[in-house]
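1. one predicted model, sequence on top.
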Amino acid sequence: MNQFIETKFDIPTLKGISAKTVVEHLKLYSGYVKNSNLILEKIDELAKEADKNAYLLGELQRRFGFEFDGMRNHEYYFKSFEGGSKSLPENSLLKKAVESEFGSWDLWLARFKSITLTRGVGWAILYYDKQTNRLLNAWVDEQHLGHLTGLPPILTLDMWEHSFVADYQPSGKKQYVEDFFANINWEVIEKNFVEAKK
């Protein structure tokens with residue numbers, strides 16, 4: 001069976017987010033990759049007697065969504081730091097699309113940041129809907145509840161405590177969000193958008 005392969009990221013020194021937090025966070029990502037593979041192996045094994053193992057198979061399928069989305073969410077998140085902090089390209093298609101959808105870049109950014117303050121653990125995600133040529137913001141509970149079906153993520157921001165509490169404390173959530181945006185490589189995000197539009 002094909003295995004999911006753990007991505008190795010080249011993450012530079014980040015503003016506010018410590019190297020220790022990054023290392024620990026990458027261990028969690030590694031766990032999502034490992035567990036996604038293990039669950040699929042177990043499903044293959046149990047599926048040989050599907051009727052007998054219906055309950056276990058159902059629960060494993062439910063868990064697979066959590067592990068798989070945890071893996072993919074983190075891949076978008078960590079890739080956004082690679083190459084160091086960079087501004088949007090001068091002729092950014094993403095910026096034009098954001099301005100068209102939300103009125104201005106600043107209005108979108110304020111709206112997106114407000115989503116990050118949602119209580120509970122989860123992700124703030126900017127998606128692209130090719131069918132309507134629209135950008136959409138969403139909050140995803142945990143790793144998987146609330147994903148917009150069929151839409152590729154353009155930007156993901158991890159709002160689980162493990163991504164910021166060690167460096168910012170629970171009361172520093174807003175500063176973590178500000179530092180996230182100061183750290184990301186917008187050329188990576190632009191590439192995500194261009195790929196999503198194909």
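-> Cool, the structure landed.

2. ok, which stretches of this structure are helices?
-> Taking DSSP state H as the test, the helices found in the chain are 19-46, 54-79, 93-102, 105-116, 165-168, 173-183, 186-197.

3. buried ones in the shortest one, by neighbour count?
-> It stands for helix 165-168. Buried positions in helix 165-168, judged by neighbour count with 16 or more other Cβ atoms under 10 Å: 167-168. In this view, the C-beta of every residue, glycine as well, is placed from N, C-alpha and C.

4. any chance you could list what contacts it?
-> 16-18, 20-21, 24, 175-176 (Cβ atoms under 8 Å, 6 or more residues apart in numbering).

5. average model confidence for that helix?
-> Helix 165-168 shows a mean pLDDT of 96.

6. now it, how far from the centre of its chain.
-> Here helix 165-168 shows a centroid-to-chain-centroid distance of 19 Å under the convention Cα atoms, centre = their mean, to the nearest Å.

7. mind saving the C-alpha coords of it as PDB?
-> In PDB, the C-alpha atoms belonging to helix 165-168 read as follows (Å, rounded to 0.1, in the frame of the first residue of the first chain):
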ATOM      1  CA  VAL A 165       1.000  28.900  24.200                       C
ATOM      2  CA  ALA A 166       4.600  28.100  25.000                       C
ATOM      3  CA  ASP A 167       5.700  31.400  23.500                       C
ATOM      4  CA  TYR A 168       2.800  33.700  24.100                       C
END
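
8. check what pLDDT the one residue sitting closest to the centre of the chain gets.
-> Centroid-nearest residue in the chain, with Cα atoms, centre = their mean: Asn73, separated by 2.9 Å. pLDDT recorded at Asn73 is 98.

9. same check on the one 10 residues further on?
-> Per-residue confidence at Gly83 stands at 97 (pLDDT).

10. number of nearby residues for it?
-> Counted with other Cβ atoms under 10 Å, residues neighbouring Gly83 total 14.

11. my read is that it contacts Val188, right?
-> Yes. Between Gly83 and Val188 there is a contact under Cβ atoms under 8 Å: 6.8 Å.

12. what residues go with each domain of this protein?
-> 19-79, 93-197 (automatic domain parsing).

13. off-centre distance for the first one?
-> In terms of Cα atoms, centre = their mean, the gap separating the centre of domain 19-79 from the centre of its chain is 15 Å.

14. cool, and the longest one?
-> For domain 93-197, the separation from the chain centroid amounts to 8 Å (computed by Cα atoms, centre = their mean).

15. start and end of that domain, how far apart?
-> Taking Cα to Cα, to the nearest Å as the measure, domain 93-197 stretches 10 Å from start to finish.
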